[in-house]
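J.: Sequence and predicted structure below; questions after.
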Amino acid sequence: MLGGTFDPVHLGHLRSAVELREALGLDRVHMIPAARPPLRGEPRVTPEERLTLLRLGIGDTPGLVADPRELERDGPSYSADTLAELRAAYGVEARLVMALGHDAFLRLADWHAPERLFAEAHLVVVDRPDHEAALPEPLAELIAGREVEDAAALMAAPAGGLLRLRLPSRMAISATAVRRRLAEGRSVRYLLPEAVEARALALGLYRRGAEAGG
């Protein structure tokens, strides 16, 4: 599971999904747009449009799935609920993984029912170079005894582990910067998949006065 607002989906998101699948030997990566992200402002582009852009971005990429399940639930888009749905779908023996970026990881102790995340899945943190910095105390307590050294150790059990992973490409693309460029009428070529760029421009998504915050 790779969740996010995908506001809009960009090449950094998609390349990370491909590299996660390769690094962990995953059957598939569910890319799941959050309908109502609990810890940030609600995007101004609708969840349905963000899902459409995600489907366009994925295209026919093997192993990547645009998953609408958080759009089909009422209330905030809690990751613990999403993982419980995936666990119910794949069974108790399946190896489930939730991937998240380093910044989101640092706020993990503030998430809704963070202990439930480890009950349903492993967590993989896509690290940045300064990941050796000290962690906040509540986060350190939450992950105590869970960290493993490699993908093989992680996949020895269906859930409960934590792996920090450095991806090869680590494309430094910001959705905030993409929205700003679109709002200002500047080029987003090679930041977005061509089909996503074409739809965003054709519909005037993120044009000045309509861009999402955050």
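T.: The structure has been received and is ready for your questions.
J.: chain center to the helix or strand of the chain with the lowest mean pLDDT, what's the gap?
T.: Within the chain, confidence by mean pLDDT, DSSP states H and E is lowest for helix 102-106 among all helices and strands, at a mean of 91. Put simply, helix 102-106 sits 11 Å off its chain's centre (Cα atoms, centre = their mean, to the nearest Å).
J.: This structure: helices as residue ranges?
T.: 11-24, 47-58, 79-90, 102-106, 114-120, 137-143, 151-154, 175-183, 194-203 (DSSP state H).
J.: Please report phi then psi for the closest residue to Pro47 other than its chain neighbours.
T.: Setting aside the residues directly before and after it, Pro47 is nearest to Ala35 in space (Cβ to Cβ, 6 or more residues apart in numbering), at 4.3 Å. Backbone N, C-alpha and C define where each C-beta goes, glycine included. When read as degrees, to the nearest 10, the backbone of Ala35 gives phi -70, psi -50.
J.: okay, Ala35: pLDDT?
T.: For Ala35, the pLDDT comes out at 89.
J.: Look up how far Leu139 lies from the residue nearest to Pro68 when sequence neighbours are not counted.
T.: Nearest residue to Pro68, sequence neighbours excluded (Cβ to Cβ, 6+ apart): Leu51, at 5.6 Å. From Leu51 over to Leu139 the distance is 31 Å, taken as Cβ to Cβ, to the nearest Å.
J.: neighbour count winner among the two?
T.: Using other Cβ atoms under 10 Å, the more surrounded residue of Leu51 and Leu139 is Leu51, with 21 against 17.
J.: For the closest residue in space to Gly160 that isn't next to it in sequence, give its distance to Ala80.
T.: With Cβ to Cβ, 6+ apart as the criterion, Gly160 has its nearest non-adjacent residue at 5.1 Å, and that residue is Phe118. Going from Phe118 to Ala80 by Cβ to Cβ gives 10 Å.
J.: just Leu51 next, same as before
T.: 21 Å.
J.: how many neighbours does the residue nearest to Pro47 have?
T.: Applying other Cβ under 10 Å, I find that Ala35 has 23 neighbouring residues.
J.: OK, contacts around it?
T.: 47, 70-71, 73, 77 (Cβ atoms under 8 Å, 6 or more residues apart in numbering).
J.: Buried ones among the residues you listed?
T.: 47, 70-71, 77 (16 or more other Cβ atoms under 10 Å).
J.: Just put the contacts of Ala35 in JSON lines and tack on pLDDT and distance to Met31.
T.: Output for those, formatted as JSON lines (pLDDT from 0 to 100; distance: Cβ to Cβ, whole Å):
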{"residue": "Pro47", "pLDDT": "94", "distance to Met31": "13"}
{"residue": "Glu70", "pLDDT": "95", "distance to Met31": "11"}
{"residue": "Leu71", "pLDDT": "95", "distance to Met31": "13"}
{"residue": "Arg73", "pLDDT": "92", "distance to Met31": "17"}
{"residue": "Ser77", "pLDDT": "89", "distance to Met31": "13"}
